[in-house]
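Colleague: Here is a sequence together with a model predicted from it:
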Amino acid sequence: MIKKKTFFCDIDGTLIKYREFVTYQTNPAVPIESTINYITEQFNDGHMIILTTARPEELRRHTELELEMNHIPFHRLIMGIERGPRYLINDMSPNEPGERAIGINLVRDQGI
């Protein structure tokens with residue numbers, strides 16, 4: 001049995017080019033195709049996609065529309081997280097070799 005993966009992916013600067021919060025309503029989202037293609041491939045392979053963002057909750061509907069318009073698939077959207085470093089803490093199985101928490105840092109707006 002192949003275990004499915006979970007991808008936590010930030011939105012701004014990773015899937016969509018970075019903009020200041022106050023410009024979201026006036027500046028259209030510019031997609032970062034390489035990351036969108038990667039996330040779409042993982043989604044289509046049955047892996048879990050959880051999008052995270054520091055955008056405030058009051059921008060949820062606007063964010064969902066941007067994601068839909070740019071064909072960005074996801075299973076869950078977590079909003080309002082802090083803007084500082086993000087840490088993923090996970091256990092390692094004694095029966096399965098390899099790390100179970102992997103971090104990928106991208107240069108803002110450059111994609112995968």
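Modeller: In hand now; what should we look at?
Colleague: Spell out for me which residue occupies the centre of this structure.
Modeller: C9 (2.1 Å; C-alpha atoms, centre = their mean).
Colleague: which phi and psi does it have?
Modeller: phi -130, psi 130 (degrees, to the nearest 10).
Colleague: Show me where the protein has its helices.
Modeller: Secondary structure of the chain, counting by DSSP state H: helices at 33-44, 60-69.
Colleague: wait, the residue nearest to the centre of the chain sits on T53?
Modeller: No - C9 lies out of contact with T53 (C-beta atoms under 8 Å); the separation is 9.6 Å. To be clear about C-beta, it is placed using only N, CA and C from the backbone, and glycine gets the same treatment.
Colleague: gap between the two ends of stretch 18-35?
Modeller: 14 Å (C-alpha to C-alpha, to the nearest Å).
Colleague: Would you mark the buried spots in it?
Modeller: Y24, A29, P31, I32, T35 (16 or more other C-beta atoms under 10 Å).
Colleague: would you turn the residues you listed into JSON lines with pLDDT?
Modeller: JSON lines is the format used below for the buried residues of stretch 18-35 (pLDDT from 0 to 100):
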{"residue": "Y24", "pLDDT": "82"}
{"residue": "A29", "pLDDT": "94"}
{"residue": "P31", "pLDDT": "97"}
{"residue": "I32", "pLDDT": "98"}
{"residue": "T35", "pLDDT": "98"}
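Colleague: if I pick A54, what's in contact with it?
Modeller: D12, G80, I81, E82, R83 (C-beta atoms under 8 Å, 6 or more residues apart in numbering).
Colleague: again, only this time at 10 Å
Modeller: D10, I11, D12, F21, M79, G80, I81, E82, R83, G84, R86 (C-beta atoms under 10 Å, 6 or more residues apart in numbering).
Colleague: measure the second one to P94 for me?
Modeller: It refers to I11. 35 Å (C-beta to C-beta, to the nearest Å).
Colleague: And these two? Which one has more around it.
Modeller: Neighbours were counted for I11 and for P94 using other C-beta atoms under 10 Å; I11 has more, 23 against 6.
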